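Student: Take a look and give me a structure for this.
(one chain, ligands or ions: 1)
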Amino acid sequence: MNHDAPLLEVRNLVKHFHVGGGLFGGRAGVVRAVDDVSFSIRRGETLGLVGESGCGKTTTGRCILQLERPTRGQIVFEGRDLTTLGEDELRPVRRKMQVIFQDPYSSLNPRMTVGQIIAEPLAVHGIVPDPAQRAARVRELLGHVGLLPQHARRYPHQLSGGQRQRVGIARALAVEPALIICDEPVSALDVSIQAQIINLLEDLQAQFGLTYLFVAHDLSVVRHISDRVAVMYLGKIVEITDRKSLYDAPLHPYTKALLSAVPIPDPALEAQRERVVLGGEVPSALNPPSGCVFHPRCPIAVDRCRGEVPELREIRPGHRAACILA
Ligand code: SF4
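Tutor: Down below sits the predicted model:
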């Protein structure tokens with residue numbers, strides 16, 4: 001295996017959903033949930049994928065996991081295009097890609113103890129067939145995520161939100177994945193707990209060489225953990241670059257608007273800075289605007305923006321943005 005090659009490459013990913021037009025449906029149409037998205041993630045790297053709800057970031061994650069089959073494009077993981085694999089071939093690959101969900105409560109079976117929840121993937125995948133060894137491995141995994149051996153006997157409802165998310169992380173870690181898709185893993189937690197979980201994810205990444213795709217709806221959450229950040233809007237990536245360039249010198253008006261919504265801890269700076277308030281809602285992906293899809297909400301749009309689709313082009317080395325004025 002070539003270790004310099006990206007762990008994951010998403011190439012020209014398109015996912016359309018057909019809606020309506022059935023027995024009770026309204027007008028038939030196509031929702032362009034993901035519209036020609038490309039990016040790669042190196043081993044040991046964290047890519048933040050940020051955008052408002054409905055921008056296609058979750059669908060992108062589901063296509064990577066092959067929970068949704070893409071309409072077009074390739075998902076190349078460890079050198080193999082997953083879109084060409086059948087269910088049997090995908091099973092061992094799926095083990096290497098795990099998900100940590102936003103709401104650990106709804107993703108953990110309430111009738112199972114923490115120990116059973118963490119042991120389940122070990123048994124299902126035949127990783128640790130012996131029950132005594134499995135129990136020992138569960139205790140080890142609990143330790144990795146900062147929980148105690150006695151937590152194994154508890155049920156999810158007996159834990160705090162942060163502890164439940166630690167269980168979700170332990171379950172994902174159990175199968176020794178290469179890639180973890182973190183789908184808004186701290187959005188449902190108190191702010192005080194969010195930093196603890198982010199720090200834990202960073203520690204585990206360093207310890208086990210994990211690679212993360214970290215999906216979030218706001219830029220403040222991914223700032224600390226991401227090496228690079230991609231910003232999505234209405235099914236497209238509008239900007240992608242390393243963390244420093246994105247936060248210090250954003251190029252796309254949408255990224256600038258998202259950043260202006262992130263509070264600055266220093267009250268003096270916070271009072272001085274200009275806010276970019278976006279008008280309106282994200283338009284429907286069923287009927288996206290012509291030209292630049294951001295033009296109805298863009299504070300600096302010009303006439304050309306209605307007719308011209310901006311390409312995601314490299315404006316500075318390693319910094320790409322899709323805006324004709326950038
Ligand atoms: Fe705004 Fe036009 Fe740039 Fe789109 S292309 S982001 S509408 S300035």
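Student: dump the residue contacts of residue 284.
Tutor: residue 31 (Cβ atoms under 8 Å, 6 or more residues apart in numbering). For glycine as for every other residue, the C-beta is placed from the backbone atoms N, C-alpha and C.
Student: same deal with residue 202?
Tutor: 224-225.
Student: Could you say which helix or strand holds residue 185?
Tutor: Residue 185 belongs to no helix or strand when assigned by DSSP states H and E.
Student: what's the answer for residue 320, then?
Tutor: strand 319-321.
Student: which bits of the protein sit near the ligand?
Tutor: By Cβ under 6 Å from any ligand atom, the residues of the chain that approach the ligand are 253, 292, 294-295, 298, 300-301, 305, 310, 323-325.
Student: how about the helices in the stretch 51-200 of the chain?
Tutor: 57-64, 87-95, 104-107, 114-124, 131-144, 161-174, 191-208 (DSSP state H, counting those that start in this stretch).
Student: Buried residues in the third one, which are they?
Tutor: Meaning helix 104-107. 104, 107 (16 or more other Cβ atoms under 10 Å).
Student: what secondary structure does residue 214 sit in?
Tutor: strand (DSSP: H, G, I helix; E, B strand; the rest coil).
Student: okay, the helices of the stretch 51-200 of the chain in TSV with mean pLDDT and distance to residue 74 next?
Tutor: Converted to TSV, the helices of the stretch 51-200 of the chain look like this (pLDDT from 0 to 100; distance: least, Cβ to Cβ, whole Å):
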stretch	mean pLDDT	distance to residue 74
helix 57-64	96	10
helix 87-95	92	14
helix 104-107	78	28
helix 114-124	94	27
helix 131-144	96	33
helix 161-174	96	25
helix 191-208	94	26
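Student: Now render the ones you listed as CSV, adding distance to residue 263.
Tutor: Below are these laid out as CSV (distance: least, Cβ to Cβ, whole Å):
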stretch, distance to residue 263
helix 57-64, 22
helix 87-95, 39
helix 104-107, 26
helix 114-124, 35
helix 131-144, 32
helix 161-174, 22
helix 191-208, 11
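Student: Minimum distance to residue 279: which of those helices has it?
Tutor: Closest of these to residue 279 is helix 57-64, at 22.0 Å (criterion: Cβ to Cβ).
Student: Who are the contact partners of the residue nearest to the spatial centre of the chain?
Tutor: Centroid-nearest residue in the chain, with Cα atoms, centre = their mean: residue 215, separated by 2.4 Å. By Cβ under 8 Å, 6+ apart, the residues touching residue 215 are 49-50, 57-58, 61, 181-184.
Student: likewise residue 195?
Tutor: Neighbours of residue 195 in contact, by Cβ under 8 Å, 6+ apart: residue 224.
Student: Residue 50 now?
Tutor: 57, 215-219, 222, 229-232, 258 are the contacts of residue 50 under Cβ under 8 Å, 6+ apart.
Student: Could you do residue 168 as well?
Tutor: 100-101, 104, 107-108, 185.
Student: let's see 7 Å
Tutor: 100-101, 104, 107-108 (Cβ atoms under 7 Å, 6 or more residues apart in numbering).
Student: Okay, strands next: where are they in the stretch 201-326 of the chain?
Tutor: With DSSP state E, counting those that start in this stretch as the criterion, the stretch 201-326 of the chain has strands at 211-216, 228-233, 236-242, 313-316, 319-321.
Student: For the shortest one, enumerate its sheet partners and note whether each is parallel or antiparallel.
Tutor: If I follow you right, that is strand 319-321. Paired neighbours of strand 319-321 in the sheet (DSSP bridges): strand 236-242 (antiparallel), strand 313-316 (antiparallel).
Student: Look up how far residue 62 lies from the closest residue to residue 15 other than its chain neighbours.
Tutor: Excluding its sequence neighbours, the residue lying closest to residue 15 (Cβ to Cβ, 6 or more residues apart in numbering) is residue 34, at 4.1 Å. To residue 62, residue 34 is 10 Å away according to Cβ to Cβ, to the nearest Å.
Student: Contacts only, for the nearest residue to residue 190 once chain neighbours are set aside.
Tutor: With Cβ to Cβ, 6+ apart as the criterion, residue 190 has its nearest non-adjacent residue at 7.1 Å, and that residue is residue 161. Residues in contact with residue 161 (Cβ under 7 Å, 6+ apart) are 188-189, 193.
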